[in-house]
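Colleague: here's a sequence, model it:
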Amino acid sequence: MMQGNIWISHNMLGFAQCMTLVLRFQTRPSYGRTIFGHGSSSEPLSNSKFRGLRVIIADDDDVNRIVTKKLLEKLGCQVTSVSSGFECLSALSAAEKTFQIVLLDLHMPEMDGFEVALRIRKLRNQNWPVIIALTASAEEHVMERCLQMGMSGVIRKPILLQGMADELRRVLQWAGEGL
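Modeller: The predicted structure follows:
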């Protein structure tokens, strides 16, 4: 099995409590390989198009939040990240400078991305930020529901740099941000 290990830890009652999987991978440098995301364009990424764009990410998953933040920073964005819908609303109301983009994971505990989007739209009647959903869902009705809740777009997980740049460009053009 790919030179790895897998094991299950049991609780005191003998039921499976946790599974651990360890895989070993060889890393190789990539020479001239480019991976494009869903709906990618052949247009090269340009940091200048997104440089200084103020973005807040709300995602309860630490790894997803870190990866998304790094990708946005690679595009030139100024990024703040939070781990819940409540933290997102607090950051939006306390921010000295308004955020231009809000990226919301749709499936967070306590308050999901749909509820956060509704509350943002109720709180912010001037200078609304552009809200984009983050989801691993492949369901077709997700985009329709996002639009109903006041969101402008959807970025599907796993997030790829080119796919993110394409969706940011699309929603900002639609919002009249002049990109």
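
Colleague: quick one: the helices in the chain?
Modeller: 47-50, 62-74, 85-94, 113-123, 141-148, 161-174 (DSSP state H).

Colleague: which one of the ones you listed lies nearest to Met19?
Modeller: helix 62-74 (17.5 Å; Cβ to Cβ). The C-beta positions use only the backbone N, C-alpha and C, and glycine is treated the same way.

Colleague: could I get the buried residue list for that closest one?
Modeller: 64-65, 68-69, 71-72 (16 or more other Cβ atoms under 10 Å).

Colleague: quick one: it to chain centroid distance?
Modeller: Centroid separation for helix 62-74 versus its chain: 8 Å, with Cα atoms, centre = their mean, to the nearest Å.

Colleague: repeat that for stretch 151-160.
Modeller: 6 Å.

Colleague: quickly list what Cys18 is bridged to.
Modeller: Bridge pairing for Cys18 (DSSP bridges) gives the partners Ser9.

Colleague: quick one: contacts for the residue most central in space within the chain?
Modeller: Centroid-nearest residue in the chain: Leu134, 4.4 Å away (criterion: Cα atoms, centre = their mean). Going by Cβ atoms under 8 Å, 6 or more residues apart in numbering, Leu134 touches 57, 59, 64, 68, 103-106, 113, 154-155, 157, 159.
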